[in-house]
Structure formats: C-alpha cells, structure tokens
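Colleague: any chance you could fold what I've pasted below:
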Amino acid sequence: MKKLNVIIVFNKENDKILMCKRTKEPYKGKLNLVGGKVEKDEDELYAAYRELEEETGITKNDIILTNLMNFEYKMSDMELEVYVGKLNKDVKLVEEINKLVWVDKNDNFFDIEKYAGEGNIGHMLKQVEIYKKEVLK
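Modeller: Below is the predicted model:
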C-alpha cells in the first residue's frame, strides 16, 4: 500500500495554518496542506518530519507533530496520514516547489474551488478543533 502524509501546521499564535499552492495535478492552482510520500520501510513520524523540513524548512526543533488520523483509500491502495502541530517559535520558511502561504484558521476550508481535497481539509480541521488540547502542544 502506498503511503502519503499531510501536515497541518499552525503558527505559534495558533491563528494561521500553513498551506502550499499546488503547481501540478491533482489540484493544480489550489491551496493544500504540505506533505509528501512515505518511503518503503520508513517510520511514518520520521517521514512526516522529513517531508515538512524538505517542503518548508521547518524542523523537529520547531514543532511537535501528532498523528491525528489516517484515511485509507482502498480503491487506490493508498493511505493518507494526517499530522498536526503548532510552531513553538517564528520560523523562516524555505519553499521547495510550491509557494507557501499562511491562511487564517477561520477560513472556509470546505471551499473546493479554493482548497484541494474535496472538503477533506475542512474535515481534518474540525477534528483538530475537537482534539486541540491533545494535538496543539
């Protein structure tokens, strides 16, 4: 089974979420969470930190990530792991491929014209709200 991850990153004030503007399909031109592929036999949490650093410059010293949920897409033989964390300090972002932007956490993440994932980002953020004491350390 192919594994991918996405990482929900809140700024240290907990009022903005880090997004990237996709440069390729699927969802080209739409805002999405950062993340990437989990390599074969790679520890999933390690992969989340690796992808986060590759795409943004944010390191393990800047944030504590917690696995919030996983989505299993049986027809695609794929699992999407969702991690969440809050920065513990201001960071200088380093873009890899996609442009990085901070978005107000109260935006409508169910807006499929603006955001990738058919509303999944909105669903994930509702779960973050439910478990914020556990995941936003």
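
Colleague: residue 14 contacts residue 136, correct?
Modeller: Yes: using C-beta atoms under 8 Å, residue 14 is in contact with residue 136, at 6.4 Å. Backbone N, C-alpha and C define where each C-beta goes, glycine included.

Colleague: need the overlap of contacts for the two.
Modeller: Jointly contacting residue 14 and residue 136 under the rule C-beta atoms under 8 Å, 6 or more residues apart in numbering are residue 86.

Colleague: compare those two (neighbour count), which wins?
Modeller: residue 136 (16 against 12; other C-beta atoms under 10 Å).

Colleague: for the more buried one, what are phi and psi?
Modeller: For residue 136, the backbone dihedrals (degrees, to the nearest 10) come out as phi -110, psi 70.

Colleague: tell me the pLDDT of it.
Modeller: Listed pLDDT for residue 136 reads 92.

Colleague: swap in residue 122?
Modeller: Predicted confidence (pLDDT) for residue 122: 98.

Colleague: and what of residue 3?
Modeller: 97.

Colleague: tell me what it is bridged to.
Modeller: Listed by DSSP bridges, the beta-bridge partners for residue 3 are residue 79.

Colleague: start the count at 35, not 1, going forward
Modeller: All right, first residue 35 from here; so that's residue 37.

Colleague: isn't it right up against residue 71?
Modeller: Yes: judged on C-beta under 8 Å, residue 37 makes contact with residue 71 at a distance of 7.3 Å.
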